[in-house]
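> Dropping a prediction and its sequence here:
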Amino acid sequence: MTILVTGATGTVGRLVVEELLQAGQQVRALTRNPAKAAFPEGVEVVGGDLAEPASLAAAFEGVTGVHFINFAGDDYSPLPDGAGLAELAVKAGVRRVTVLGGREDGELEQALAATDLEWTLLHPVEFMANTLQWWAHTIRTEGVIKEPFGERLSALVHERDIAAVAATVLAEGGHGGRTYVLTGPRAITLKEKVAILSEAVGRDVEFVELTVDEARAKWRADGMGEQTIEFLVGALGNTPEVGYTVVPTVREITGRDARDFAEWAREHADAFRG
């Protein structure tokens with residue numbers, strides 16, 4: 001069984017590749033720039049772009065499982081031809097598909113639902129890995145986090161657990177037509193998150209809680225557009241229940257407990273040290 005991993009150089013994709021290899025699967029990794037890709041030995045690397053399904057015929061040849069992402073490019077824009085990707089998978093003889101970030105109303109997802117493919121949508125809540133992008137530089141250089149909504153709860157999930165679920169579903173099957181929400185083992189507040197990171201890094205990291213207006217001004221100074229700022233105010237100030245409700249999906253599918261944020265923080269502590 002050859003499994004194609006799209007978005008294979010991404011935060012989750014590269015781990016899906018590793019998890020599939022550990023499960024004894026043959027893995028083909030799709031990337032827009034194969035020359036710059038670095039994968040473990042045994043991975044077949046192919047070039048291609050999800051935004052151009054017509055260019056992917058060779059990548060899909062002989063593939064029986066596919067891990068899809070539901071966006072294209074570094075700006076996370078929607079796939080321009082989700083239906084074309086689903087058609088390509090059917091023609092190639094693919095049997096199982098996972099979609100990271102899958103939404104029932106997405107073009108790719110709806111097209112997959114209209115086929116006989118065994119499709120599974122994976123809906124992770126907040127990625128623990130986002131902490132690197134959002135906080136690493138600030139903690140290294142300033143030792144302080146300035147954010148609003150200090151009591152906001154999040155059941156943030158380890159990227160390795162997302163990958164493990166995807167790999168298990170693709171390798172073992174039996175999850176067709178399902179949508180899975182993926183969370184960590186507990187919900188923590190923003191203040192708790194800072195405290196956990198502080199302990200892992202071995203230095204005091206101060207938390208300064210901003211008012212909403214102060215946060216708007218900070219984000220504006222950081223170069224964010226007004227639409228993005230208002231999205232953040234709404235999403236962070238009124239987190240949907242699904243974002244902080246812990247579910248046992250990781251254990252049910254993989255047979256092991258979901259990793260908590262303290263474990264993630266210890267794994268990545270060096271990235272936050274000055």
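Ah, there it is.

> Settle this for me: Ala129 is touching Gly10, isn't it.
No - shown here, Ala129 and Gly10 do not form a contact pair, counting by C-beta atoms under 8 Å, at 9.9 Å. For every residue, glycine as well, the C-beta is placed using N, CA and C.

> element containing Leu88?
Using DSSP states H and E, Leu88 falls within helix 82-92.

> from the chain's centre, how far out does that helix sit?
22 Å (C-alpha atoms, centre = their mean, to the nearest Å).

> mean confidence for whichever helix or strand comes after it?
Using DSSP H and E, the helix or strand that follows helix 82-92 in sequence is strand 96-100. Averaging pLDDT along strand 96-100 yields 97.

> Tell me which strands strand 96-100 pairs with, and in which orientation.
strand 65-69 (parallel), strand 118-124 (parallel) (DSSP bridges).

> Show residues contacting the longest one.
The one in question is strand 118-124. 95-104, 109, 112-113, 157, 162, 165-166, 169, 173, 175-183 (C-beta atoms under 8 Å, 6 or more residues apart in numbering).

> And those, which of them are buried?
95-102, 109, 112, 157, 162, 165-166, 169, 175, 180-183 (16 or more other C-beta atoms under 10 Å).

> So this protein: which segments form each domain?
2-124, 130-156+185-245+259-272 (automatic domain parsing).

> Ends of the longest one, what's the gap?
Counting by C-alpha to C-alpha, to the nearest Å, you get 25 Å between the two ends of domain 2-124.

> Mind naming the longest helix for this structure?
helix 159-172 (DSSP state H).

> got the angle for the helix or strand just after it vs helix 159-172?
Scanning forward in sequence from helix 159-172 by DSSP H and E, the next helix or strand is strand 178-182. Note on geometry: by axes from the mean of the first three to the mean of the last three C-alpha atoms, to 10 degrees, strand 178-182 and helix 159-172 are set 160 degrees apart in direction.

> In its sheet, which strands sit next to strand 178-182, and in what direction?
Assessed with DSSP bridges, strand 178-182 is paired to strand 118-124 (parallel).

> any idea how far the partner strand is from the chain center?
The answer for strand 118-124 is 12 Å, by C-alpha atoms, centre = their mean.
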